[in-house]
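How does the following fold in three dimensions:
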Amino acid sequence: MISPKVVTTALNIPNSKLKIATFNLLNYLEPPFACYEFERIYSEQQWHKKQLWISDYLEQFQPDIIGFQEVFSPESLQTLVKECGYNYFAVVDECTIVDDFICSSPVVALAARFPISDVFAVEHDNGLASQIGLADDFSFSRKILRATVDVPHIGECDCYVVHFKSKRARLEHAEDGLLTGEENIVESLKANIAGGWASTIQRGSEASLLMVEMIKRKVETEKPMLLMGDFNNNLTDGILSHLLTDNLRFVSQVDKDKFLEKYCLQDVWDLFTESDFYKGQPRQATHYFGESSSVLDHILVSCEFDAKYNKSIFSVTDYDTYDRHLINPIFDRDGESTDHGIVLATLQLRS
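Numbering: from 1, shown residues only. As a prediction, the model looks like this:
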């Protein structure tokens, strides 16, 4: 093992820098389709403004691989990113359309500058889902995309894009005219508590079942892994902490260290803070709700991108959260942007 502080880079080699981004687009839906409700349709001017905002970000920051969430119009997005230099695009699902033009259930997508050799919608293990107490009809709230990208210097890399279940309560109380005002409030409170926990169970289950499939895939192929997306949760409160598993019971310390580093994931923020490039800056939130803020958007990587691993090929040298549109918005510039910050990790080839 080497110290993460001792990192040398191959600065003069082509494609020695790799940039990965996760980008929640917020209702990317081409008119004349409507988002959730019949009156929520972008005007042509609004749509052009949103397209321009996205392309401006891509041209300024130049990510090489991007995981997108909240995509209603993947064909339009593919055209947009191709104009920005991304010739490779992947999607595994489509939104739901009712009444010919009202859309719900957006999907995830991936764009890359490098060839994509395989695209797959991740399927969970039904037997395992049953063992942990989930219903027989359990499914991911949104299909999870796995695209195998031919990354320079590292070869085929499995890139996963997710949008885990939101914190919105899965149960709602419809006001009942036979109840008093207070009784209706009490019923709403009960539904909010139970429904919020149901969403938490869904989100945590999605993450754990995905992680199992990622480990299976790693055992079979030994391909490096990237996981990016809107997790709708931080990684420290226990709901999703198993994505960063750092413990393995009933095995020797030697085996624990060996297999955890080989098969598990690391948060690129943590790897950045361990590097010589980190200057003590705090982690920026990616989402704001009222007076609260959270980091909901994440990029996780396998050992091949971790400088502590003695066989790593890249190391994390920068981490950026683009949030100007959230903390200092200008309507003419940001009026049709997104309600999430965009996370960008820079990886440098090690010499």
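
how about the closest residue to Val92 other than its chain neighbours, what does it touch?
Using Cβ to Cβ, 6 or more residues apart in numbering and skipping residues adjacent in sequence, the residue nearest Val92 is Ala121, 4.0 Å away. (Glycine included, C-beta is placed from N, CA and C.) With contacts defined as Cβ atoms under 8 Å, 6 or more residues apart in numbering, the neighbours of Ala121 are Val92, Asp93, Lys143, Ile144, Leu145, Arg146.

if you set the cut-off to 10 Å instead, what comes out?
Val91, Val92, Asp93, Phe140, Lys143, Ile144, Leu145, Arg146 (Cβ atoms under 10 Å, 6 or more residues apart in numbering).

what's the offset of the longest helix seen in the chain from the middle of its chain?
For the chain, the helix with the greatest residue count under DSSP state H is helix 181-221. Taking Cα atoms, centre = their mean, to the nearest Å, one finds the center of helix 181-221 at 16 Å from the center of the full chain.

and it, what other elements does it pack with?
helix 126-131, strand 145-151, strand 155-163, strand 225-230, helix 253-263 (3 or more Cβ pairs under 10 Å, 6 or more residues apart in numbering; DSSP states H and E).

Just give me the lowest mean pLDDT stretch among these.
Mean pLDDT across the helices and strands packed on helix 181-221 is lowest at helix 253-263; the value there is a mean of 64.

Show me the strands in the stretch 201-350 of the chain, by range?
Taking DSSP state E, counting those that start in this stretch to define them, one finds strands in the stretch 201-350 of the chain at 225-230, 266-267, 287-289, 292-294, 297-301, 314-322, 342-349.

which residues sit against stretch 208-217?
Counting by Cβ under 10 Å, 6+ apart, 120, 122-126, 128-129, 132, 134, 138, 140, 144, 146, 148, 158, 160, 162, 164, 223, 225, 227, 239-240, 242-245, 259, 262-265, 300, 302 sit against stretch 208-217.

repeat that with 6 Å
Contact with stretch 208-217 is made by Val122, His124, Ile144, Met225, His242, Leu243, Tyr263, as judged by Cβ atoms under 6 Å, 6 or more residues apart in numbering.

just stretch 275-292 next, same as before
Defining contact as Cβ under 6 Å, 6+ apart, one finds that stretch 275-292 is touched by 5, 269, 272, 293-297, 317, 321, 323, 326, 340-341.

Dump these to CSV, plus distance to Arg333.
Below are the contacts of stretch 275-292 laid out as CSV (distance: Cβ to Cβ, whole Å):
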residue, distance to Arg333
Lys5, 39
Trp269, 27
Phe272, 28
Ser293, 22
Ser294, 24
Val295, 24
Leu296, 23
Asp297, 21
Thr317, 29
Thr321, 18
Asp323, 14
Leu326, 13
His340, 17
Gly341, 16
